[in-house]
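Participant: Next one to model:
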Amino acid sequence: MDPLGSLIDWIATYGVVGLFAIGLAERFIPALPSYGVLVAIGIAAVDGAWSVPVATIVTTTGSFCGGLALYLLVRALGQNRSVRLLYRTGRLLGLASARIDKTLASFRERERTLIFASQLIPTVRLIAPVVAGLIHADFRRFAGGTVLGITLWNGLFIAAGYFAVLLAPGMSASTLAIKMLVLLIATEALLALTWRVAARCRWRAAPRGSRS
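Facilitator: Modelled structure (predicted):
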């Protein structure tokens, strides 16, 4: 049984519209594993369902439209309602309130960089447009950083699916998605460890009086 393969068959039936719809849906359905779907889309490209560039552009457009809708919704709702919405969404995604608060603080300090980088972090990428709306991030920075981040995220996984099936013909989309998940978790853990070690080294190197 290949659930992702079945999903891709459905998407392929509608072509570009299906790609746009799945890109849009991943913003609003936390249970939908975007990395797995994107890998499967890359696999389907080998069979000629669509090209890798077209799949990347269309899914990026759909995902950005979803993120833009969240950004504008938060701006329209106001600060108090949006914060409550963010905490509720965070609980659904398994994010603690403390982590959300930390994300908000980081965005305020490094808005330009984190709008882009947040689109490369699983789970966090889903709430990033809400956070950007909450801190009233500049629209051009939000749009530019989000588009670049989504393009990189989508392009990497679609390309991974495409080349993986060329190297290992016959592998199902679901099996490959599971392997990609393991790799993704390992990479994220390594990056987090590297960040902590670097921060610790900077703290030790700082003058004693400036440590906080």
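
Participant: contacts, neighbours, all on C-alpha from now
Facilitator: OK.

Participant: where's Val46 relative to Leu166, distance?
Facilitator: Val46 sits 8 Å away from Leu166, taking C-alpha to C-alpha, to the nearest Å as the criterion.

Participant: More neighbours: which of these two?
Facilitator: Looking at Val46 and Leu166 with other C-alpha atoms under 10 Å, you find the greater number of neighbours at Val46, namely 16 against 13.

Participant: What strand or helix carries the residue lying closest to the more buried one once chain neighbours are set aside?
Facilitator: Once flanking residues are discounted, Val46 sits nearest to Tyr162: 6.1 Å by C-alpha to C-alpha, 6 or more residues apart in numbering. When secondary structure is defined by DSSP states H and E, Tyr162 falls within helix 139-167.

Participant: Helix, strand, or coil at Pro122?
Facilitator: Under the three-state scheme (DSSP: H, G, I helix; E, B strand; the rest coil), the conformation of Pro122 reads as coil.

Participant: pretty sure Gln141 is touching Arg112, no?
Facilitator: To be clear, residue 141 is Arg; Gln isn't right here. Yes - Arg141 sits in contact with Arg112 when judged by C-alpha atoms under 8 Å, with a separation of 6.3 Å.

Participant: same question for stretch 124-139, mean pLDDT?
Facilitator: Taken as a whole, stretch 124-139 has a mean pLDDT of 86.

Participant: same check, this time on stretch 6-14
Facilitator: 82.

Participant: And the contacts of it?
Facilitator: By C-alpha atoms under 8 Å, 6 or more residues apart in numbering, the list of residues contacting stretch 6-14 from outside reads 18-19, 22, 37, 40-41, 44, 49.

Participant: Kindly report the same for stretch 134-147.
Facilitator: Residues lying outside stretch 134-147 but in contact with it, judged by C-alpha under 8 Å, 6+ apart, are 60, 64, 68, 74-75, 78-79, 82-83, 104, 107-108, 111-113, 115-116, 119, 129, 132.

Participant: And for stretch 92-103?
Facilitator: In contact with stretch 92-103 (C-alpha under 8 Å, 6+ apart) are residues 30, 87, 90-91, 123, 131.

Participant: Quick one: the strands in this protein, in order.
Facilitator: Taking DSSP state E to define them, one finds no strands in the chain.
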